[in-house]
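Trainee: Have a look; sequence and predicted model below, questions after that.
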Amino acid sequence: MTHTTRRTILRAASLIPLAGLAWGTVAYAQGSPKRSRVVIQVTDNDPARWNLTLNNTRNVQEDLGAANVDIEIVAYGPGINMLKADSVVATRIADAVNAGVKVVACENTMRNSKLTKAEMSTAVGYVPAGVVEIMQKQSEGWAYLRP
């Protein structure tokens with residue numbers, strides 16, 4: 001390889017990072033960064049587990065900015081009891097919902113547990129099947145967390 005060829009290759013190689021930087025700037029300018037999304041499974045009828053989960057959601061919103069993240073908590077199995085209106089964590093759940101966290105109850109679990117929507121916190125939403133909801137979120141690229 002001649003000295004001139006080697007110099008030409010080195011010059012071209014030195015431009016590669018600049019081309020990547022320019023492309024990244026164009027890509028960023030074309031659209032805002034992708035929002036973070038996390039789905040959280042809670043199946044425990046345990047106030048400590050729910051408080052940990054709610055602390056996690058608050059921390060994620062503080063670290064990433066609430067406007068930059070979608071958070072959904074899916075409760076099923078024994079965890080559904082903490083979504084009742086008289087639950088010891090009902091106020092914290094309502095606060096999380098008011099802060100933009102989506103909290104949903106599994107209707108399959110409610111039916112099997114003979115719970116009605118009238119017994120549930122007015123802050124929560126509903127999905128037909130909690131497990132399927134989590135599967136769908138994961139297939140859409142949502143991060144999964146089970147505290």
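Mentor: Perfect, thanks for sending it.
Trainee: Now do the SS call for the residue nearest the centre of the chain.
Mentor: Computing the C-alpha centroid of the chain and ranking residues by Cα atoms, centre = their mean puts Val38 first, at 1.5 Å. Taking DSSP: H, G, I helix; E, B strand; the rest coil as the rule, one finds Val38 in the strand state.
Trainee: Give me the pLDDT for it.
Mentor: Val38 carries a pLDDT value of 98.
Trainee: residue contacts, the nearest residue to it once chain neighbours are set aside?
Mentor: Leaving aside its chain neighbours, Val38 sits nearest to Ala143 (4.5 Å; criterion: Cβ to Cβ, 6 or more residues apart in numbering). Yep, even glycine has a C-beta here, placed from its N, CA and C like the rest. Ala143 sits next to Ser36, Arg37, Val38, Val39 when contact means Cβ atoms under 8 Å, 6 or more residues apart in numbering.
Trainee: and what of Pro78?
Mentor: Listed by Cβ under 8 Å, 6+ apart, the contact set of Pro78 reads Thr43, Asp44, Asn45.
Trainee: repeat for Thr43
Mentor: Ala75, Tyr76, Gly77, Pro78, Gly79 are the contacts of Thr43 under Cβ under 8 Å, 6+ apart.
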